[in-house]
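Asks: Pasted the sequence and its predicted model underneath.
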Amino acid sequence: MGEPGGTTAPRDESEERFYRAFAHAPFAMVVLDAVGTVLEANEAFAGMIGLDPDEIVGTPESDHVIDDDPAQVLEWTAGGEPHLVVSDRRYRHAEGHTVFARCTIRMERGPAGHLTGQFVHVVDLTRLRQAEDALATSEARFRRAFDEAPIGMALGSEDSRLLSVNDAFCALLGRPWAEVVGRLATDFVHSDDLEEAAEILRSGHALGNLDERPVIRLMRPDGSVVWGQISLSRLTGDGPDPDANPLLLAQLVDVSATHEAEARLAHQATHDALTGLPNRTLLLDRLAQAMHRRVRTGGEVVVLFLDLDDFKVVNDGLGHAAGDEMLVEAAHRLRRCVRPSDTVARLGGDEFVLVCELDRPHEVAALCDRVLGALATPVRIAGQTLVMSGSLGVVIGDDDQEPADLLRDADVAMYRSKADGRGRSTLFTASLRAEAVTRLEQEADLRTAVEGGHLVVHYQPVIDAVDGSVSGAEALVRWQHPTRGLLAPGDFLPVAERSGLIGDLGRVVLAEACRTLAVWQSQGHHITVSVNLAPRQILDDDLVDTVRLACDRADADPTGLVLEITENALIETLGVARTRLHELKKLGVSLALDDFGTGYSSLQYLKDLPVDFVKIDRSFVEGLGAGDDGALADAIIGLADALDLVSVAEGVERPAQLERLRAMGCALLQGYLLGMPAPAEEMDFTPRW
C-alpha cells in the first residue's frame, strides 16, 4: 500500500493481487493509521460518501464523520483494549446528506501493544435506517391516528381481551381507560347481542359495505344502551408463522342517533301519529299472528270494529283540536279495556279496531259491554262536558278467514250497529255479508247512474199562501233505474251518503236545477228554485266555486237560487258552515234552514247566520186539523216573522192543514195537495186560488 504523502513502493505479485481485491471489493473498506489518518480507501467506500479514493487518502477520517465515534474508538483501544470494535457511524456525503453505516474495526498493534493502525470494514445502513425511520414514522402516525380518531378504536388479543383503546372508545362506553383495558370486549355487550358479538369475534372479520357491517348494543355503567357499528380485521405477523398470536383491530362507530331515527321511521310506518296506536299495516300483522296462535293453542280471536258516534259534531262544532283530544282520550280508554297482549289500533278518522284473544266465546258480550261502558264516562274537552259513544261490529275468527276478511266483516257488522241506532254492538253473520254485497252492488249501480246521466230532477211547486201563486219550486232528484224503474230519494240517497257519491250527485242536481232556473227566467217566470245541500257538500272547500260555476254555465241569475241545509246538517258542520254560508250569500243566492224544529240549534244561530227561509218540518204539519192545536208550528211561524225570515211549511196534504197554516200566517206552502213533484216541462204555474 502506498504511503501517504510519499512515493508508492513497488508491490510484489501477491501484494498487487491483494491491492486489486481491496480496491475493487464490493464492500466498503478503509485503512487508517494510529491517529486516524486515511491510508487507503477502496472504491466502494469512496462511492459511499461521494468522493474519489484519491480525495480521501491522506485526510483525517474525522473529516468525513459526523459523529465523534472515531475518538471514542481510540479511547476504547488505549492501553491495549479490544482488538475488534463494532461502531455505528454517520458519514458526511459530498452532496451534504448523511450516510448511516456500521463499522467493524480491527485494531493493529505493535509488539508493545500500542496501536499502529486500523482496518475498517464499512456497511452502508442508510437504506435500512431510512426504512426504520419510515417504519417508526408510520407507527407514530398509526398511534396518533389510533389515539386521536373520532371513532372508537381498539386493539385486542385473539381471545377478545382489550389491549389498547382510544379516548373515543372509552367515551362511547362511558368508562375511563383503566376500566376498559384488560377486560374482554364481550363484558360491555348487551346480553341479547352476546351470541352475535361472540360470532363476530370468533370469525375475526366484520368488514364490507357500510350498510352490511353488524350493529350491536353496548351497555354503559348507567344502564343506557349505545348502538355501535363494528368493523373488525385480523392483524397477523411477518414471521415464519404469520397466524401466531394475531391481533384484532376494531373500529366502533356510535350509530345510536341513526338507529333511533330508523326506529322512529319504522314506528311511524306502523303506528298512528296522533294516538300512538298501531295502524292498519301493523294491525293486520298482529291479527295474522293471533290467528296462527289460535290454530296452535285454541281459544277465540275476536275482532271489534269501533266507530265513534257523532264524532263529526265535535270535530266541526268545537274544532279539530277538540276532535283530536277526543280521539286520544278514546285510545287511552280502549287500551285500558283489554290486556297488554291484545291489540288496539286506529284505522283513521274515528275508527278503531280491537283484536282480543279469549278463552271462550261467551266472554265476547262482556268485552263489548266493557268497551262501550268505558267510552260512556263523561269527558271534559274544550270547556265542554261530553259523553262518547260508539258503534261496535264484532266478528269471531274462523280458520278459513284471512285477516283482511275479518276486518271487512267486522266493518259490515259495525254499519249494522250504526243503522240500528248507534251505541250498540252487532255480531257478524252471513246474512250481514249478503247485505253488504247488496250495498256494494247498489253503490256500483249508483256510480254508473251518476256518471251515465241516469239521474233526473223533478220539481215540486212552492205556493204563496196569500194569493196561491207559484213562488218557487224545490228540485228533487230521482233515479231512472234500468230494472226497478223511477226510484225516490229514500231508495238511494243513503247509499250515496255512505259511499261518498253524495258530492258528485249533488253537483249533478245543482247543475240541472240551474239550467231549469235559467229557462224559467227566460220565460218570464220570477220564481226561485231550491236545491238541498248534504253535510258533506257543505264541508267541500269547492262548494262556493261549484255554485258560481253552475250559475255561470247555465246563465242563471243566482238571486233565483235557494240552497237548503237541514238543521241537523247545520249543527254537524257548524264550524265550517258559518263561514261557507256567508260566502254563498255573497254570490246572491238565498239560504233556507230545512226541517226546522227537529234539531237542537240555538236561536242565536238564526240571528247570526245569513238564513232567508225557515222550513217547518212536516212532523209539525201532519197533525194540523186532526187534533193537533199546532202550537209548535205557530211558534215557529211567529219566530220567523220576528226575525224577518220567510216561513215555509212542508208536507201539506189535506185541506184542513192548508187552512190552518194560512190562518197562522205561514208565508209559503208545499205539499202533495198543492202539486206533485214532476219534470220541469210539466210544471204548472197556474195560481192555486
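Replies: Great, that's in hand.
Asks: rest of the way, CA atoms for contacts and neighbours
Replies: Noted.
Asks: So, low pLDDT: which residues of the chain?
Replies: In the predicted model, the chain carries pLDDT under 70 at residues 1-11, 68-82, 204-212, 237-245, 572-575, 598-605.
Asks: what residue lies at the spatial centre of it?
Replies: In the chain, the residue lying closest to the centroid (CA atoms, centre = their mean) is Leu265, at 3.8 Å.
Asks: any idea how far it is from Gly228?
Replies: Separation of Leu265 from Gly228 (CA to CA, to the nearest Å): 19 Å.
Asks: Quick check on Val394: phi, psi?
Replies: Backbone geometry at Val394, expressed as degrees, to the nearest 10, gives phi -120, psi 140.
Asks: Who are the contact partners of it?
Replies: By CA atoms under 8 Å, 6 or more residues apart in numbering, the contact list for Val394 reads Val302, Val303, Leu304, Phe305, Ala410, Ala413, Met414, Ser425, Thr426, Leu427, Phe428.
Asks: change it to 6 Å
Replies: Under the criterion of CA atoms under 6 Å, 6 or more residues apart in numbering, the neighbours of Val394 are Val303, Leu304, Ala410, Thr426, Leu427, Phe428.
Asks: The third one: which element?
Replies: Going back to what we said before, that points to Ala410. Per DSSP states H and E, Ala410 falls inside helix 403-419.
Asks: if we can go back for a sec, give the buried subset of the contacts of Val394 as a ChimeraX selection command.
Replies: Applying 16 or more other CA atoms under 10 Å to the contacts of Val394, the buried members can be selected in ChimeraX as follows:
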select :303,304,410,426,427,428
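Asks: ok, so of the contacts of Val394, who is nearest Thr116?
Replies: Closest approach to Thr116 among the contacts of Val394 (CA to CA): Val303, at 112.3 Å.
Asks: who's the closest one bridged to?
Replies: Val355, Val395 (DSSP bridges).
Asks: Nearest residue to Leu643 in space, please, no chain neighbours.
Replies: Lys607 (7.1 Å; CA to CA, 6 or more residues apart in numbering).
Asks: how far away is that neighbour from Ala642?
Replies: Remark: distance between Lys607 and Ala642 (CA to CA) = 10 Å.
Asks: who has more neighbours, the two?
Replies: Using other CA atoms under 10 Å, the more surrounded residue of Lys607 and Ala642 is Lys607, with 12 against 9.
Asks: tell me which element the more buried one falls in.
Replies: Per DSSP H and E, Lys607 falls inside helix 603-608.
Asks: And for Thr385?
Replies: Using DSSP H and E, Thr385 sits in strand 384-386.
Asks: Also Arg578?
Replies: Per DSSP H and E: helix 574-585 holds Arg578.
Asks: ok, now Ala290?
Replies: Here Ala290 sits within helix 280-297, counting by DSSP H and E.
Asks: Now do that helix: everything it contacts.
Replies: Contacts of helix 280-297 (CA under 6 Å, 6+ apart): Thr270, Leu347, Pro403.
Asks: ok, the last one - contacts?
Replies: Applying CA under 6 Å, 6+ apart to Pro403 gives the contacts Leu284, Leu287, Ala288.
Asks: now those in TSV, with neighbour count and distance to Leu334?
Replies: Below are these laid out as TSV (neighbours: other CA atoms under 10 Å; distance: CA to CA, whole Å):
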residue	neighbour count	distance to Leu334
Leu284	19	18
Leu287	26	17
Ala288	16	21
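Asks: Considering the residues you listed, which is situated nearest to Gly468?
Replies: Among these, and counting by CA to CA, the member closest to Gly468 is Leu284, at 63.4 Å.
Asks: ok, that closest one to Trp227 distance?
Replies: The gap separating Leu284 from Trp227 is 30 Å, by CA to CA.
Asks: re the thing from before, just the CA atoms of the helix holding Ala410, as PDB, please.
Replies: Taking Å, rounded to 0.1, in the frame of the first residue of the first chain, the C-alpha atoms of helix 403-419 are listed here in PDB:
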ATOM      1  CA  PRO A 403    -107.000 -11.000   8.500                       C
ATOM      2  CA  ALA A 404    -108.400  -8.600   5.800                       C
ATOM      3  CA  ASP A 405    -111.600 -10.700   5.600                       C
ATOM      4  CA  LEU A 406    -112.100 -10.500   9.400                       C
ATOM      5  CA  LEU A 407    -111.600  -6.700   9.300                       C
ATOM      6  CA  ARG A 408    -114.100  -6.400   6.400                       C
ATOM      7  CA  ASP A 409    -116.800  -8.500   8.200                       C
ATOM      8  CA  ALA A 410    -116.300  -6.500  11.500                       C
ATOM      9  CA  ASP A 411    -116.800  -3.300   9.500                       C
ATOM     10  CA  VAL A 412    -120.000  -4.700   8.000                       C
ATOM     11  CA  ALA A 413    -121.300  -5.500  11.500                       C
ATOM     12  CA  MET A 414    -120.400  -2.100  12.700                       C
ATOM     13  CA  TYR A 415    -122.500  -0.400  10.000                       C
ATOM     14  CA  ARG A 416    -125.500  -2.500  11.100                       C
ATOM     15  CA  SER A 417    -124.900  -1.100  14.600                       C
ATOM     16  CA  LYS A 418    -125.000   2.400  13.200                       C
ATOM     17  CA  ALA A 419    -128.200   1.700  11.300                       C
END
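Asks: Report the distance from the helix or strand just after it to the chain centre.
Replies: Using DSSP H and E, the helix or strand that follows helix 403-419 towards the C-terminus is strand 425-427. Between the centre of strand 425-427 and the centre of its host chain there is 35 Å, according to CA atoms, centre = their mean, to the nearest Å.
Asks: One more: stretch 349-364?
Replies: On CA atoms, centre = their mean, the centre of stretch 349-364 falls 28 Å from the chain's centre.
Asks: Please identify the buried residues of that stretch?
Replies: Using 16+ other CA under 10 Å as the test for burial, stretch 349-364 gives Asp350, Glu351, Phe352, Val353, Leu354, Val355, Cys356, Glu357, Leu358, Val364.
Asks: And the last one, how far from Ser530?
Replies: Using CA to CA, Val364 is found at 49 Å from Ser530.
Asks: repeat for the fourth one
Replies: For Val353, the distance to Ser530 (CA to CA) stands at 42 Å.
Asks: What of the fifth one?
Replies: In this structure, Leu354 and Ser530 are separated by 45 Å, where distance is defined by CA to CA.
Asks: same thing with the first one?
Replies: According to CA to CA, Asp350 and Ser530 sit 33 Å apart.
Asks: counting contacts, what elements does the helix or strand where Val456 lies pack onto?
Replies: Secondary structure from DSSP H and E places Val456 in strand 455-464. On a contact count with 3 or more CA pairs under 6 Å, 6 or more residues apart in numbering; DSSP states H and E, strand 455-464 meets strand 470-481, strand 668-669.
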